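Asks: just to be clear, the model below is a prediction. Sequence and coordinates:
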Amino acid sequence: MSTPVATFGARLTEAVDRFGPLCPGIDPHASLLSDWGLADDVDGLRRFADICLEAYAGRVAVVKPQSAFFERHGSRGVAVLEDVLAALRGSGTLSLLDVKRGDIGSTMGAYADAYLSDASPLRADAVTVSPYLGFGSLAPAVDLARETGRGLFVLAMTSNPEGASVQHAVRDGVTVAQTVIDGVTALNAAESTRLASFGLVTGATIGKDLADLGLTDALATSRAPLLAPGLGAQGATIDDIRRGFGAAESQVLPAVSRGLLAAGPDPLALRAATERATQEAAALRP
Ligand SMILES: O=C(O)c1cc(=O)[nH]c(=O)n1[C@@H]1O[C@H](COP(=O)(O)O)[C@@H](O)[C@H]1O
């Protein structure tokens, strides 16, 4: 009889209990490559990624590479991303690949194969997905994530100011954001770990909106891990999360990319900045 796979939620809960909730991002912007004295080419990209791995792997619960910054270098850039995902696997650090995919169900199945199947070179422990083709269109990714012990983070309340025009829209008295939260709550109902396998993206910048829309209790009930990007470069702070997320504060994974990467290219300086950010994030209720 085959052993049942551990759920992503169980693995994430254990990792966060051990390392804290900080989720550093690997976002090799062209401007950062230049700031780090690296060429804007595949060799520069690989060196950038190696420095990030040296600073982050084995030291935090989860790392979030942003696919677009690898894709912009073509197939050789994607090969670097495959290596980053493999290195994270080897180090025991969870990977959350930021790809924000969403499509009609049949095509979503192919995206699921690309990022969530055991056979794919681009497999990650979790990926970001977009529910704006309808929550149900994510079903193939949900099914494969369950089968392989992986996770999804569904965009709900994004950190950018433009997000509100879609996410705060109301239909039959319910906001789009609430519908997404309800969808994830239903997916997590069968799981019993503190953080479940299906997460939500709720920007660190949107605390006030959460309160205004009355969504904090719904977030807490969902047991979704809450990816909260927007710290640093986008202006949000850990205090904003503490003020804005109410009962859901303990589920938040504060995510930061440029705010940490500015400390590079010295891997020791990047590591020290990550340790400071980990300590700040420890202020969030466990
Ligand atoms: O899904 C994401 O990670 C994401 C969602 C969101 O609402 N806002 C957001 O900024 N992100 C990503 O989080 C990272 C934020 O980067 P910094 O602003 O440099 O910390 C980028 O990779 C964004 O693509």
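Replies: Right, received. Where do you want to start?

Asks: next secondary structure after the longest helix seen in the chain?
Replies: Secondary structure of the chain per DSSP state H: the longest helix is helix 74-91. Downstream of helix 74-91, the next assigned helix or strand under DSSP states H and E is strand 94-101.

Asks: what's the angle from the helix or strand following that next one to helix 74-91?
Replies: Next in sequence after strand 94-101, counting helices and strands by DSSP H and E, comes helix 105-116. Between the axes of helix 105-116 and helix 74-91, defined by axes from the mean of the first three to the mean of the last three C-alpha atoms, to 10 degrees, the angle is 60 degrees.

Asks: may I have helix 105-116 exported as CSV, CA atoms only?
Replies: Extracted in CSV, the C-alpha atoms of helix 105-116 (Å, rounded to 0.1, in the frame of the first residue of the first chain):
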residue,chain,number,x,y,z
GLY,A,105,-10.6,24.4,-17.1
SER,A,106,-9.1,22.3,-19.8
THR,A,107,-6.1,24.5,-20.2
MET,A,108,-5.8,24.9,-16.5
GLY,A,109,-5.2,21.2,-16.4
ALA,A,110,-2.0,21.8,-18.5
TYR,A,111,-0.9,24.6,-16.2
ALA,A,112,-1.5,22.2,-13.2
ASP,A,113,0.7,19.5,-14.9
ALA,A,114,3.4,22.1,-15.5
TYR,A,115,3.7,23.3,-11.8
LEU,A,116,2.1,20.6,-9.6
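
Asks: if we can go back for a sec, is any part of the longest helix of the chain close to the ligand?
Replies: No - Helix 74-91 is not in contact with the ligand by C-beta under 6 Å from any ligand atom; minimum separation 13.3 Å. (Glycine included, C-beta is placed from N, CA and C.)

Asks: for that helix, name the packing helices and strands.
Replies: On a contact count with 3 or more C-beta pairs under 8 Å, 6 or more residues apart in numbering; DSSP states H and E, helix 74-91 meets helix 42-56, strand 62-65, helix 68-71, strand 94-101.

Asks: who touches it?
Replies: Here helix 74-91 makes contact (C-beta atoms under 8 Å, 6 or more residues apart in numbering) with 26, 42, 45-46, 49, 52-53, 57-58, 63, 65, 67, 69-71, 73, 94-95, 97, 121-124.

Asks: any chance you could map the strands in the chain?
Replies: Taking DSSP state E to define them, one finds strands in the chain at 23-26, 62-65, 94-101, 126-129, 151-157, 170-171, 174-175, 198-202, 226-229, 252-256.

Asks: if you average pLDDT over the fifth one, what comes out?
Replies: In other words, strand 151-157. Across strand 151-157, the average pLDDT comes to 98.

Asks: pull up the pairing partners for that strand, direction included.
Replies: strand 126-129 (parallel), strand 198-202 (parallel) (DSSP bridges).

Asks: now the angle from it to strand 252-256?
Replies: 80 degrees.
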